[in-house]
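A.B. asks: This is a predicted model, with the sequence first.
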Amino acid sequence: MRPLIVLPTYNEADNIAEILRRVRAVVPQAGILVVDDSSPDGTADIVWAMISEVGQVDILSRPRKSGLGSAYRDGFKWGRTRGFDVLMEMDSDFSHDPADIPRLLKGIDDGADLVIGSRYVTGGEIPHWPWHRRALSKYANRYSAAMLRLGIRDLTAGYRAYRGEMLDRIDLDAVRAEGYGFQVEMTYFVADAGGRIVEVPIKFVDRVRGTSKMSMNIVVEAMALVTWWGIRDRVKRRRPG
């Protein structure tokens, strides 16, 4: 197995050095790709400086802030052209614990095509979230699963491992969503391609340094896309022939 950890960044100067240390300590042989959208806080400069400490880290520098979904699409394409056979998504702000990487990789090794680090299977945790945030997240996931007829509890989760061969079966240029919508759309494409999807429990925590990139626009985009995909599929299935 030759995994690549894809870390999208925009203004993550407060977190990037330590996340690189932690990832390298957990998976010494993995590739690490930082996809940076020209962060004005000097995130990329910190990454370059860290190479002498943590070993090889590649940087894919993009000219402007272009969104989470496109960062992962670009990272996946970059990794596949260089022979990485497992592509991992992971936040750069410690919302995702690097210690969970081996469990996600084991899921791939055991035969899954997509392994999701899930907050909502037994053993998953989201400490310190207020009740209304938990309710919104759970409702969004249940609604998405129902509309798309997918038996997944955490469709919007962003801690994931994909089998490279499965990504080759997906037209990444046709995946248009960003934010939560990107995670849902990718899961939908994997399921539609016949991929095996498993969820493993993780503990998700909010960032302690830096500024969250989440906004209501991202949530609205995701729900609108899910509604459209669900209606579209139901219409297709009703058409004769």
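C.D. replies: Received, thanks.

A.B. asks: Gly123 reaches Pro201, doesn't it?
C.D. replies: Yes. Using CB atoms under 8 Å, Gly123 makes contact with Pro201 at a distance of 3.2 Å. Any C-beta I mention is one placed from the backbone N, CA and C, and that applies to glycine too.

A.B. asks: Neighbour count for those two, which is higher?
C.D. replies: Neighbour count, other CB atoms under 10 Å: between Gly123 and Pro201, Pro201 has more, with 16 against 10.

A.B. asks: Now do the contacts for Pro28.
C.D. replies: Gly55 (CB atoms under 8 Å, 6 or more residues apart in numbering).

A.B. asks: what's the pLDDT at it?
C.D. replies: According to the prediction, Pro28 has pLDDT 97.

A.B. asks: now Ala49
C.D. replies: 97.

A.B. asks: so it is in which element?
C.D. replies: Assigning secondary structure by DSSP states H and E places Ala49 in helix 43-54.

A.B. asks: Give me the distance between that helix and the centre of its chain.
C.D. replies: Per CA atoms, centre = their mean, to the nearest Å, the displacement of helix 43-54 from the mean C-alpha position of its chain is 23 Å.

A.B. asks: show me where pLDDT drops low in this structure?
C.D. replies: Applying pLDDT under 70 to the chain picks out residues 207-218, 237-241.

A.B. asks: Which strands and helices lie in contact with the helix ranked longest in it?
C.D. replies: Across the chain, the helix with the greatest residue count (assigned by DSSP state H) is helix 216-238. Other helices and strands packing on helix 216-238, by 3 or more CB pairs under 8 Å, 6 or more residues apart in numbering; DSSP states H and E, are helix 131-148, helix 179-192.

A.B. asks: what is the orientation angle of that helix with helix 131-148?
C.D. replies: 20 degrees (axes from the mean of the first three to the mean of the last three CA atoms, to 10 degrees).

A.B. asks: chain center to helix 216-238: distance?
C.D. replies: 20 Å.

A.B. asks: what's it in contact with?
C.D. replies: Contacts of helix 216-238 with the rest of the structure, by CB under 8 Å, 6+ apart, involve 136, 140, 143-144, 147-149, 156, 177-181, 184-185, 188.

A.B. asks: C-terminal to the helix holding Ala49, what's the next element?
C.D. replies: Per DSSP H and E, the first helix or strand lying C-terminal to helix 43-54 is strand 58-61.

A.B. asks: got a list of contacts for the helix holding Ala49?
C.D. replies: 9-13, 16-17, 20-21, 24, 32, 34, 36, 38, 57, 59, 61.
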